[in-house]
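Undergrad: With the input below, show me the fold.
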Amino acid sequence: MDGTLHYNALQLGPRVEDILGSQIKMAESIRQATKEVESFKQDCLDLDKKVDRLASLLKKAARFSITNPAGLYESPTRKIALEVEKTLERALGLVKKCRRSGMLKRVITITNVSDFRKVNQYLDNSIADAQWLLNISASGEDRPDFMGLPPIASTEPVLSMVWEYISIVHVGNAEEKAIGASNLADLAKDSRNGNIIFDQGGVQPLLRLLREGTPEGQEEAAKALGWLAADKRRVSGMRQEGSIIVFLQILVRGSMKVQVSPFLCIAVLFYNVL
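TA: Take a look at the predicted model:
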């Protein structure tokens, strides 16, 4: 694998709700530390307002992860959570330097306005990332028409698109899932994009759609999986995720339109050849 965690590997770590809970506690620690500052009081208060905004988004994400049957889409959630944790650690460290007990340390390290400027920018990025995560996790009328590009994927626009489309297949309604799968199929025609879809956990939502979706959704999922099956490494991983069983189930019990889908036939052919 090329450095990007695979979906199954991602699930081996701590639960998403536990990670978010830990970060919410860290935000509360920053709030408590802000009450004790002796220097840069206004800067610390301004910073605390952004931390409070970020904590509010994290709480919404945690509630969604617990109450929504589909849960949060793991790959971007964990990547964003990792950056959020780094940001909160920076914020907490900076505020602690401004407390009474941190005065000597502040003199030694020379805290200044530029330190707050940097941390505020990190917070702005984390807030935007967390809001974007909530946006792509919504469905129906709650889902914004335009998601934008999250700061965390600013240098890799395709990654942002892949996350958005996989999320649609993961949590969308029937019509949205079919559209998301169709978009993934178009992207997967390019080998590099196909690798990104595979490495970001796109196989499982597509297999679930192929097994449980509407005929239209199943057809679009078959197309996407067919393009993903055009690579030996991806085929090996897809096998490990139980795709053969799903393909056989569709070939035996699926609708005729999906059974004769050329993309499903291509996928099965690649399984037999590779």
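
Undergrad: got the contact list for residue 178?
TA: Contacts for residue 178 were tallied using Cβ atoms under 8 Å, 6 or more residues apart in numbering; they are 209, 213-214, 216-217, 219-220. From N, CA and C alone the C-beta is placed, and that goes for glycine too.

Undergrad: Out of those residues, which end up buried?
TA: Buried by 16 or more other Cβ atoms under 10 Å: 209, 213, 216-217, 219-220, out of the contacts of residue 178.

Undergrad: can you tell me which of those residues are in helices?
TA: 209, 216-217, 219-220 (DSSP state H).

Undergrad: what is the mean pLDDT for stretch 118-126?
TA: Across stretch 118-126, pLDDT averages out at 97.

Undergrad: er, stretch 39-59 actually
TA: The model assigns stretch 39-59 a mean pLDDT of 95.

Undergrad: Can you give me the buried ones in that stretch?
TA: Neighbour-count burial for stretch 39-59 [16+ other Cβ under 10 Å]: 40, 43-44, 47-48, 50-51, 53-55, 57-58.

Undergrad: One more: stretch 89-98?
TA: For stretch 89-98, by 16+ other Cβ under 10 Å, it's 91-98.

Undergrad: In CSV, list these along with secondary structure.
TA: Compiled in CSV, the buried residues of stretch 89-98 are given as follows (DSSP: H, G, I helix; E, B strand; the rest coil):
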residue, secondary structure
91, helix
92, helix
93, helix
94, helix
95, helix
96, helix
97, helix
98, coil
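
Undergrad: Pass me the low-pLDDT residue ranges in the stretch 101-250 of the chain, would you?
TA: 101-111 (pLDDT under 70).

Undergrad: all helices for it, in order.
TA: 103-109, 113-137, 157-171, 174-188, 191-199, 203-212, 215-228, 232-240, 243-253 (DSSP state H, counting those that start in this stretch).

Undergrad: helices or strands up against the fifth one?
TA: What that stands for is helix 191-199. Judged by 3 or more Cβ pairs under 8 Å, 6 or more residues apart in numbering; DSSP states H and E, helix 191-199 is in contact with helix 157-171, helix 174-188, helix 215-228, helix 232-240.

Undergrad: which one of those helices lies closest to residue 67?
TA: Ranking the helices and strands packed on helix 191-199 by proximity to residue 67 (Cβ to Cβ) places helix 157-171 first, at 12.2 Å.

Undergrad: tilt between the closest one and helix 174-188?
TA: Computed by axes from the mean of the first three to the mean of the last three Cα atoms, to 10 degrees, the angle separating helix 157-171 from helix 174-188 equals 150 degrees.

Undergrad: Can you get me a residue count around residue 252?
TA: When counting by other Cβ atoms under 10 Å, one arrives at 8 neighbours for residue 252.

Undergrad: pretty sure residue 64 is touching residue 135, no?
TA: No: contact criterion Cβ atoms under 8 Å: residue 64 and residue 135 do not qualify, at 11.4 Å.

Undergrad: the more surrounded of the two?
TA: residue 64 (21 against 17).
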